[in-house]
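S.K.: model the following, please.
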Amino acid sequence: MKIGELAKMSGCEVETIRYYEREGLIPVPPRTEGNYRSYSAQHAERLMFIRHCRSLGMSLDDIRTLQHFQDQPELACDEINAMLDRHLAQTEQQIAALSRLQNQLQTLRNTCRTQLDAGHCGILQNLQSAASSSECVCHSGHEPH
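M.R.: Numbers count the residues shown, from 1 in each chain. This is a model prediction of the structure:
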């Protein structure tokens with residue numbers, strides 16, 4: 001199949017497919033007599049694997065590691081488990097950071113509960129205060145950013 005067909009089938013952009021080729025994540029396909037790339041079902045499977053891993057937030061390096069193990073199924077999977085444990089820990093940290101951000105935004109939102117004009121808006125006042133290197137309400141008790 002041609003690259004456009006593979007793109008349509010996989011939901012990937014043509015440039016993304018070419019990028020994955022350059023990065024060695026999918027093998028470079030043979031060319032037809034007309035010099036078109038000719039992709040196989042194996043290319044589509046690899047691409048779908050990459051897309052699924054990316055949807056889980058895995059890096060291209062992580063995907064390369066996983067593909068290495070796919071290509072050598074006799075290897076022990078300790079490294080795969082360790083990689084996923086690291087990814088889980090990073091995800092937990094991101095969730096905690098997002099939870100803190102949500103609390104900060106809610107605190108900031110609570111500074112303007114009434115319909116005031118923008119000149120008296122607590123949100124704008126706190127954001128301006130933070131921009132002036134003063135502590136704003138959403139960062140009280142936290143390091144100012």
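
S.K.: quick check: longest helix in this protein by residues?
M.R.: helix 78-109 (DSSP state H).

S.K.: list the helices and strands that helix packs on?
M.R.: Using 3 or more CB pairs under 8 Å, 6 or more residues apart in numbering; DSSP states H and E, the elements in contact with helix 78-109 are helix 60-71, helix 122-131. In short, each C-beta sits where N, CA and C put it, glycine included.

S.K.: of all those helices, which lies closest to residue 8?
M.R.: In terms of CB to CB, the element of these nearest to residue 8 is helix 60-71, at 22.1 Å.

S.K.: quick one: list the elements packing against the closest one.
M.R.: Here helix 60-71 touches helix 41-55, helix 78-109, going by 3+ CB pairs under 8 Å, 6+ apart.

S.K.: out of the ones you listed, which gets nearest to residue 123?
M.R.: Evaluated over those, closeness to residue 123 peaks at helix 78-109, with 5.8 Å, by CB to CB.

S.K.: related to what we said a few turns ago, just the helices and strands packed on helix 60-71: most buried one?
M.R.: helix 41-55 (a mean of 16; mean count of other CB atoms under 10 Å).
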